[in-house]
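*Asks:* My questions are about this predicted structure, shown below with the sequence.
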Amino acid sequence: MAAEGTSQHLAMSQHPDIMALRERYDLVAETPRAWTVEGLIVLAGAYAAVSPWIIGFAGRAGALAVNDLIIGLMVALLGAGMAVSYARSHGMTWVLPVMGIWLIIAPWVVQDITTTAGTIFSNVIIGVLVVVFGVGLWAMGMSRRTTTT
C-alpha cells in the first residue's frame, strides 16, 4: 500500500492529452480563416435576430419574428463565444448547423403566421449561411493539420 501523498493523480483538465487538444484548438482559432468564419457567424446571427424588422414581417408573423430573434441571438452568442475561447467551446460547433436548419424550416413549421416570399427567402438564405459557417468552423477544429492561413 502506498504511503499517503506518494501517488499522483492529475485532474482531468491537466491530463497531457486534454492539454494537447486545447493547444491544437487554440492554434486553429488563431488563424485568419477562423477569425473570418467566427465573425461571419456573429454577423449572420445578428442579421437573423433583426431580420423580421428589416424585411418587415414582424407584424404579420409575430411568432416567426420571436423565433428569429431568439435563434439569431443564440447564433451570435455562440459565434462570439467561439471567437473568445474556441478551445473551450469547440464542442458546441454542432449546434450551429442545427440552428441553421431550424432557420430554414421555421417558416413552414411555426404555427399561425403569414409568410411572404421575402420572409421565406430571408430565413432560407440566412439559415443556409449559418449551416455553411457552422460546418466550416466544425471542420477547422476537426482537421488534423493546422495552418496559418
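*Replies:* Perfect, thanks for sending it. Residues are numbered from 1 along each chain as shown.
*Asks:* quick one: contacts for the residue nearest to the spatial centre of the chain?
*Replies:* To find the centre residue of the chain, average its C-alpha atoms and take the closest one (Cα atoms, centre = their mean): that gives residue 96, at 3.8 Å. In this structure, residue 96 makes contact with 41, 75, 78, 79, 130, 131, 133, 134, 135, 137, 138, judged by Cβ atoms under 8 Å, 6 or more residues apart in numbering. From N, CA and C alone the C-beta is placed, and that goes for glycine too.
*Asks:* Next: residue 127.
*Replies:* Taking Cβ under 8 Å, 6+ apart, one finds 100, 101, 102, 103, 104, 105, 106 in contact with residue 127.
*Asks:* top of those residues by neighbour count?
*Replies:* Among those, residue 103 has the most neighbours (other Cβ atoms under 10 Å), with 28 neighbours.
*Asks:* Looks like residue 107 contacts residue 117 (just checking).
*Replies:* No. Residue 107 is beyond contact range of residue 117, at 10.3 Å (criterion: Cβ atoms under 8 Å).
*Asks:* For those two, indicate the residue with more neighbours.
*Replies:* The neighbour comparison of residue 107 against residue 117 (other Cβ under 10 Å) goes to residue 107, with 22 against 7.
*Asks:* Provide a list of residues in contact with that one.
*Replies:* By Cβ under 8 Å, 6+ apart, the contact list for residue 107 reads 61, 64, 113, 115, 119, 120, 123, 124.
*Asks:* Excluding covalently adjacent residues, which one is nearest to the fifth one?
*Replies:* It stands for residue 119. What sits nearest to residue 119 in space, not counting adjacent residues and going by Cβ to Cβ, 6 or more residues apart in numbering, is residue 57, at 4.5 Å.
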